[in-house]
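[1] Sequence and predicted model, in that order:
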Amino acid sequence: MESARRTFVLGAAAAALAPAQQRELRVAQIGIGNRGTSLLKQVLEQRDVRVAAVCDIDAGKRDAAQSLAQRDNPKSYSEFRQVLDLKDVDAVVVATPCDLHAEMAALALEAGKYVYCEKPLGITPEQVDRALKAARKSKAFLQIGQQLRYYPHVLEAIRQLHEKKAVGTPFVIKAQRNSTATQPGNERPRAAWYDDVKRSGDLIVENAVHNLDVCNWAAASRPVSCFGHGKKYLPKTIPAGSVMMDGFSVSYIYENDMHLDYSQLYLHPRQMKELRNGQWYIVFGSEGSLEINGGMVYPMWGEARKFLTPEIENGKEDAMSEFIRMIREGGRPFASVEVGATAALTAIMGREAIYRRRMVTWKELGVDV
Ligand SMILES: NC(=O)c1ccc[n+]([C@@H]2O[C@H](COP(=O)([O-])OP(=O)(O)OC[C@H]3O[C@@H](n4cnc5c(N)ncnc54)[C@H](O)[C@@H]3O)[C@@H](O)[C@H]2O)c1
């Protein structure tokens with residue numbers, strides 16, 4: 001009996017020492033609401049990966065996650081620090097409200113865990129700095145949940161811009177994310193943290209961080225300064241900084257002198273086609289322009305052409321597979337902590353320009369990325 005127990009203990013110790021590329025990886029999920037549940041499903045699809053623990057302050061969410069992951073019989077926790085103490089957990093997925101990301105991610109990195117952290121990396125410069133510094137000191141890495149970096153059609157559009165020089169020298173980006181206002185009476189209840197700008201970071205940080213990141217990527221640079229304006233228009237006009245805005249515009253200048261105009265407005269009547277609804281990004285250059293989501297190039301004087309094949313256009317993102325692959329291969333993910341920090345700071349800079357009604361510079365955010 002004793003010898004059987006000894007063999008088991010030695011076996012477990014050997015497993016803990018085996019390099020990550022050779023053994024089953026054990027993942028814990030922290031925050032299992034809407035996004036956390038989608039990410040849990042993605043983790044369950046990975047080969048040789050086990051969901052070791054689930055953590056949420058809401059018992060109902062924990063129970064739902066345990067049933068979803070019943071194949072792996074994960075342990076359940078309400079306190080995330082207890083999850084970070086688990087020696088046999090290799091990686092954590094953080095999908096809690098935005099104001100908690102940086103602290104949870106930093107503590108996880110300090111505990112030696114790999115981190116898949118939902119965007120934004122932080123909602124203040126101090127939070128971004130905290131996560132960045134922890135990642136720099138850690139042997140593990142943080143991948144930011146900016147999954148647009150893994151969409152085949154976006155990757156191809158950026159390749160057309162950077163490698164194929166599809167628009168010649170790029171000068172200006174115009175990007176937008178408009179949608180129709182919610183009809184009174186049809187409002188969807190949102191989590192309390194989402195409506196509290198001190199917890200979400202406001203619409204530009206919680207939401208537009210994805211779009212601003214694509215613009216940073218297309219610009220192949222980062223912003224030096226920003227002006228902006230925005231507010232909550234409906235159901236009544238409320239100044240920026242009080243509740244989540246439903247409309248704003250920001251204008252950035254990049255280190256390489258490119259210029260970005262980005263706007264988001266939830267006042268776009270569905271039937272109005274003169275200005276396109278939804279999300280789009282147009283890069284204007286010396287020889288033409290390119291629309292990233294539609295996959296179109298418009299040469300300045302020639303015929304427009306679509307550069308996406310149906311295969312690329314219908315391709316799915318695989319951010320979670322890259323996370324697992326990079327742990328096994330000892331590499332670094334494309335959606336790195338620096339990508340997350342730059343995107344969060346770009347959005348924070350825009351928000352502060354709107355709130356303070358003046359130009360805000362990258363330098364005054366005080367974070368070294
Ligand atoms: N990448 C994307 O496309 C995408 C999409 C949606 C949301 N998100 C991001 O994901 C995050 C979560 O958004 P959501 O829509 O799932 O919100 P949600 O409110 O549905 O889920 C958040 C969960 O975190 C839990 N939680 C709160 N405090 C906690 C704590 N201290 N410890 C453990 N759990 C805690 C809540 O109980 C809840 O279940 C946000 O940061 C959001 O911006 C990303």
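    Thanks, I have it. Numbering: from 1, shown residues only.

[2] Tell me which helix or strand in the protein has the weakest average pLDDT.
    Ranked by mean pLDDT, DSSP states H and E, the helix or strand of the chain with the weakest confidence is helix 2-17, at a mean of 41.

[3] then the longest helix belonging to the chain to PDB, C-alphas only?
    In the chain, taking DSSP state H as the definition, the longest helix is helix 337-356. The C-alpha coordinates for helix 337-356 follow below in PDB (Å, rounded to 0.1, in the frame of the first residue of the first chain):
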ATOM      1  CA  VAL A 337       1.500  42.100 -23.600                       C
ATOM      2  CA  GLU A 338       3.100  45.000 -25.500                       C
ATOM      3  CA  VAL A 339       0.200  44.900 -28.000                       C
ATOM      4  CA  GLY A 340      -2.300  44.900 -25.200                       C
ATOM      5  CA  ALA A 341      -0.500  47.700 -23.300                       C
ATOM      6  CA  THR A 342      -0.300  49.900 -26.500                       C
ATOM      7  CA  ALA A 343      -3.900  49.300 -27.300                       C
ATOM      8  CA  ALA A 344      -5.100  50.100 -23.800                       C
ATOM      9  CA  LEU A 345      -3.000  53.200 -23.600                       C
ATOM     10  CA  THR A 346      -4.300  54.400 -27.000                       C
ATOM     11  CA  ALA A 347      -7.800  54.000 -25.700                       C
ATOM     12  CA  ILE A 348      -7.100  55.600 -22.400                       C
ATOM     13  CA  MET A 349      -5.400  58.500 -24.100                       C
ATOM     14  CA  GLY A 350      -8.600  59.100 -26.200                       C
ATOM     15  CA  ARG A 351     -10.800  58.800 -23.200                       C
ATOM     16  CA  GLU A 352      -8.700  61.300 -21.200                       C
ATOM     17  CA  ALA A 353      -8.700  63.800 -24.200                       C
ATOM     18  CA  ILE A 354     -12.600  63.500 -24.200                       C
ATOM     19  CA  TYR A 355     -12.900  63.900 -20.500                       C
ATOM     20  CA  ARG A 356     -10.400  66.700 -20.100                       C
END
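
[4] which parts of that helix are buried?
    For helix 337-356, a neighbour-count test (16 or more other C-beta atoms under 10 Å) marks 337-355 as buried. For the C-beta atoms, the positions are set from N, CA and C on the backbone; glycine is no exception.

[5] That one and the ligand in contact?
    No - between helix 337-356 and the ligand, judged by C-beta under 6 Å from any ligand atom, nothing touches; the nearest distance is 11.2 Å.

[6] Helix or strand next in line after that helix, which one?
    strand 360-361 (DSSP states H and E).
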